[in-house]
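> this is a predicted model, with the sequence first.
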Amino acid sequence: MQTWLEPKYLAWLEQGFAVTLMLSTCAGLCATLLGFGLAVARTSRSGAIARAASLYVFVFRNSPLLVQLLFWYFGAAALLPSGWMTWLNTPHAVNLGIVTLRWPSFELVAGWVGLTCYTTAFIGEEFRAGMRGVSVAQEQAAAALGMGRYATLRYVILPQALRIATPPLAGQYMNVVKNSSLTMAIGVAELSYMSRQVDTETFKTFQAFGTATVFYVLTIAVIEVALVLWQRTGVRAFQRGHA
């Protein structure tokens, strides 16, 4: 009796793992850019902008990700014109010679939007915490040198804030990978979804979900190693700068 998964089912899991990596990477990159903008908006001198940014954080941090994913999938489908939904659900491809670019399914787009919006709120707070960790004296010294607000932010506050925020940011990137599993609820064929498909067809629950667990653990381990290397590089650069 064969106890391990056949190559066909391993290929299913590898395909789901590739979707997980792609979805997590895209959501993480977009959430990082949007989160930084959100952190700047929360520290804005304009009360309206700061309140709008605070409202965004309040809404997205205090509602379950699963509910948000269901909203983007079913709610957007109800709000968008039927012609748009027909176009989104129709396969599209652009042939660029050796590379063919395919338009992702609506499920994948909805999962990406939901995961990005949710993660943006958390990454924005990590950036803001890093910015608040920089001494006020640093900003005052920059102002004394005639630097404007944005020059101070770019050259004085942001480099130090990024160093402070790096460990918690790495934690948020790990959460993106793990949270991506919830997109299976809207039909995204990521790793957890494919694991369930393999389990349903083969009844090898331990092998299917055990393999998926190994993939998740390896991904998180890579992020942790990258964090350690980043921190060591930052310390060495700091030491060279003060040598």
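Yep, it's here.
> pLDDT wise, what is the residue positioned nearest the centre of the chain at?
The centroid of the chain falls nearest to residue 28 when counting by C-alpha atoms, centre = their mean (2.5 Å). On pLDDT, residue 28 comes in at 96.
> that one against residue 174, yeah?
No: counting by C-beta atoms under 8 Å, residue 28 stays clear of residue 174, with 9.9 Å between them. Yep, even glycine has a C-beta here, placed from its N, CA and C like the rest.
> give the contact list for the residue nearest to the centre of the chain.
119, 173, 176 (C-beta atoms under 8 Å, 6 or more residues apart in numbering).
> one more pass at 10 Å, please.
35, 115-116, 119, 123, 169, 172-177, 180, 223 (C-beta atoms under 10 Å, 6 or more residues apart in numbering).
> low-confidence stretches in this protein?
1-3, 92-93, 96-97, 99-101, 234-243 (pLDDT under 70).
> three-state assignment of the residue nearest to the centre of the chain?
Classification of residue 28 using DSSP: H, G, I helix; E, B strand; the rest coil returns helix.
> if we can go back for a sec, inside helices: which ones of the contacts of residue 28?
35, 115-116, 119, 123, 169, 172-177, 223 (DSSP state H).
> on that earlier part again, hmm, which of the contacts of residue 28 are the buried ones?
Neighbour counting with 16 or more other C-beta atoms under 10 Å marks 35, 115-116, 119, 123, 169, 172-177, 180, 223 as buried within the contacts of residue 28.
> could you export the residues you listed to CSV, including columns for distance to residue 159?
Compiled in CSV, these are given as follows (distance: C-beta to C-beta, whole Å):
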residue, distance to residue 159
35, 17
115, 28
116, 25
119, 23
123, 18
169, 14
172, 20
173, 20
174, 24
175, 25
176, 24
177, 27
180, 30
223, 22
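> any idea which element the closest residue to residue 168 other than its chain neighbours lies in?
Spatially, and ignoring its direct neighbours in sequence, residue 168 is nearest to residue 126 (4.6 Å; C-beta to C-beta, 6 or more residues apart in numbering). Assessed by DSSP states H and E, residue 126 sits inside helix 106-132.
> following the chain onward from that helix, which element is next?
According to DSSP H and E, the helix or strand after helix 106-132 is helix 136-144.
> list the buried residues of that following helix.
So for helix 136-144, counting by 16+ other C-beta under 10 Å, buried means 139, 142.
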